[in-house]
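> how would this look folded up:
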Amino acid sequence: MNTQTTSRIILALDVDSVEKAVQLMDATKDHIGMVKIGLELINAQLAGDVAKAAHARSVGIFWDGKWDDIPTTAGNAMKVTAQMPGICMVNVHVNADIEGMMAVVANKGNALVLAVTELTSLDTESVELKAGASRNASVLYDARMAAYAGCDGVICSPKELSLLGRYANRKINPELPLTKLIKVVPGTRSLGGDAQDQKNVDSQESAILNGADWLVIGREVTKNPNMSPAEAARALNVRMAIAFAEREKGAVAK
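Below is the predicted model:
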């Protein structure tokens, strides 16, 4: 994590070259908490170079490998990734099941393991057809399995945060394992922003007030038509800090 800032923005480096990734990091490194290195860079075999550049700039890395494989393969993938300097977070699909998630957790080193629940690009109908249950029920089940497997957190859409909070914080029989899960949330948009390929969007403020701990943000910073990447990240940080303060104030009041 970037110790030079309190930002909870994870900047998505969804680009196709090391040069573009470095330009974005140099422009925003004082205004972000971490960068996400995903499948585009990984499959182009450029992710290692980008990770080295991020580490050299003291920027933490969320390695977005989305592992979904047999336990041995998932565990070995984690073991190799954990040896890379600067890796703060990794993710594994809940589809890898308990054994797959546990294998990743067993080899995580100093990284935090996040379980991917339902992709934010999937609409509710698609999730329910696949799961044979409501989207909320599916995500709640995923979170419970992630907690049982020892994962440090989950990745979910902003729409499921309030549901997880209700079960984690209910007065009678609260699900304490859920309270310990970090919530990392993609799919947020400023009010009036283009949803693009996301189906379950909400504002950054709403996501934070409902329990988000980190927000994965890409195009709203990297392709903002009205601001430079640094300006866009700075503006988001101001709004996010206010929302976190409001959430903390509400928690103290309770």
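> Would you agree residue 7 falls within a strand?
No - counting by DSSP: H, G, I helix; E, B strand; the rest coil, residue 7 is not part of a strand but coil.
> The closest residue in space to it that isn't next to it in sequence and residue 80: what is the separation?
Leaving aside its chain neighbours, residue 7 sits nearest to residue 33 (4.3 Å; criterion: C-beta to C-beta, 6 or more residues apart in numbering). Placement of C-beta: from N, CA and C, glycine included. Distance, residue 33 to residue 80, by C-beta to C-beta, to the nearest Å: 24 Å.
> For residue 159, see how far away the nearest residue to residue 86 once chain neighbours are set aside is.
Take residue 86 and drop its neighbours on the chain: the residue closest to it by C-beta to C-beta, 6+ apart is residue 55, 3.5 Å away. From residue 55 across to residue 159, the span is 34 Å (C-beta to C-beta).
> ok, those two, which is more surrounded?
Each of residue 55 and residue 159 has its neighbours counted (other C-beta atoms under 10 Å); residue 159 has more, 22 against 15.
> is it fair to say residue 89 lies in a helix?
No - per three-state DSSP, residue 89 lies outside any helix segment and is strand.
> ok so, going back, just the element for the residue nearest to residue 86, please.
helix 47-56 (DSSP states H and E).
> What residues does residue 34 make contact with?
1-2, 9-11, 59-62, 88-89, 214 (C-beta atoms under 8 Å, 6 or more residues apart in numbering).
> try 10 Å this time
1-2, 5, 7-11, 54, 59-62, 86, 88-89, 184, 214, 216 (C-beta atoms under 10 Å, 6 or more residues apart in numbering).
> Need phi/psi at it.
With angles defined as degrees, to the nearest 10, residue 34 sits at phi -170, psi 160.
> ok so, going back, near the residue nearest to residue 7, how many residues? Count them for me, please.
Neighbour count for residue 33, taken as other C-beta under 10 Å: 22.
> thinking it is in contact with residue 184, fair?
No - with contact defined as C-beta atoms under 10 Å, residue 33 does not count as touching residue 184 (11.2 Å).
> any shared contact partners between these two?
Residues touching both residue 33 and residue 184 by C-beta under 10 Å, 6+ apart: 8, 10, 62, 214-215.
> from the residues you listed, which single one is nearest residue 202?
Among these, residue 215 lies closest to residue 202 (C-beta to C-beta), at 10.5 Å.
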